[in-house]
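Peer 1: Okay, sequence plus prediction incoming.
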Amino acid sequence: PSNYNGFNISCFGKSDGSIDLTITGGTPPYTIEWSNSATTEDISDVPSGYYSVRVDDSDLLTDPVEAEITLIEPRLIEIDLDAYKYPNDFNISLYGACNGSIISIVEEGVSPYTFTWSDGITTLNRTSLCAGEYILLVIDENGCEAKSDPIRINQPERSDWQMTGNVNTDPNTHFIGTSDNTDMVFKTN
């Protein structure tokens with residue numbers, strides 16, 4: 001059978017298996033009947049599963065012979081992503097910080113794997129992440145690909161004042177202070 005790093009099919013669900021049948025003895029020509037209705041000596045581009053073959057030679061006095069084989073495929077690549085949550089229930093400790101992290105678990109397929117995140121990073125686990133959406137692409141030893149569902153790194157809202165200038169403001173109604181000559185006092189705790 002075909003061999004893709006220990007499996008007969010390269011990726012889960014593919015039909016790229018093959019069986020190389022060798023016939024010796026008997027009296028040619030041979031009549032070949034595969035369980036998938038093929039009549040050639042070798043078969044290719046087949047999915048995983050059970051296959052049997054019946055071979056008969058041209059000598060009417062001999063009985064046909066049979067053989068069987070099962071082609072196996074790797075399991076579907078599984079990706080599990082888990083983003084760390086801070087006590088504030090967000091994945092970032094405060095607005096604008098880039099201290100998020102993702103732990104990734106990849107199983108099945110055929111190891112070793114290569115990893116590529118949507119932002120181009122090629123490590124399995126991530127740290128120092130800013131708020132945003134991240135997707136992990138995994139490619140296994142046989143070239144099979146799997147993409148994670150998007151994972152969102154969330155941050156809390158801003159809790160600081162922003163200085164954005166006074167464009168489109170009316171100084172008669174948009175100001176900080178009092179409308180008379182008394183002092184305005186700011187106090188902090």
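Peer 2: In hand now; what should we look at? Keep in mind it's a predicted model, so treat the numbers as computed, not measured.

Peer 1: list the contacts for residue 53?
Peer 2: Shown in contact with residue 53 (C-beta atoms under 8 Å, 6 or more residues apart in numbering): 19, 21, 32-35, 66-68. Placement of C-beta: from N, CA and C, glycine included.

Peer 1: Go again with 6 Å.
Peer 2: 34, 67 (C-beta atoms under 6 Å, 6 or more residues apart in numbering).

Peer 1: From residue 62, how far off is it?
Peer 2: 16 Å (C-beta to C-beta, to the nearest Å).

Peer 1: Next: residue 155.
Peer 2: Distance from residue 155 to residue 62, counting by C-beta to C-beta: 78 Å.

Peer 1: who has more neighbours, those two?
Peer 2: residue 155 (21 against 12; other C-beta atoms under 10 Å).

Peer 1: Tell me how far stretch 142-161 lies from the chain's centre.
Peer 2: Distance of stretch 142-161 from its chain centroid, counting by C-alpha atoms, centre = their mean, to the nearest Å, is 14 Å.

Peer 1: Give me the mean pLDDT for it.
Peer 2: For stretch 142-161, the mean pLDDT works out to 91.

Peer 1: and for that stretch, what are the contacting residues?
Peer 2: Residues outside stretch 142-161 that contact it (C-beta under 6 Å, 6+ apart): 4-5, 10-11, 77, 79, 81, 83, 88, 90-92, 95, 100, 109-110, 129, 131-139.

Peer 1: Noted, bye for now.
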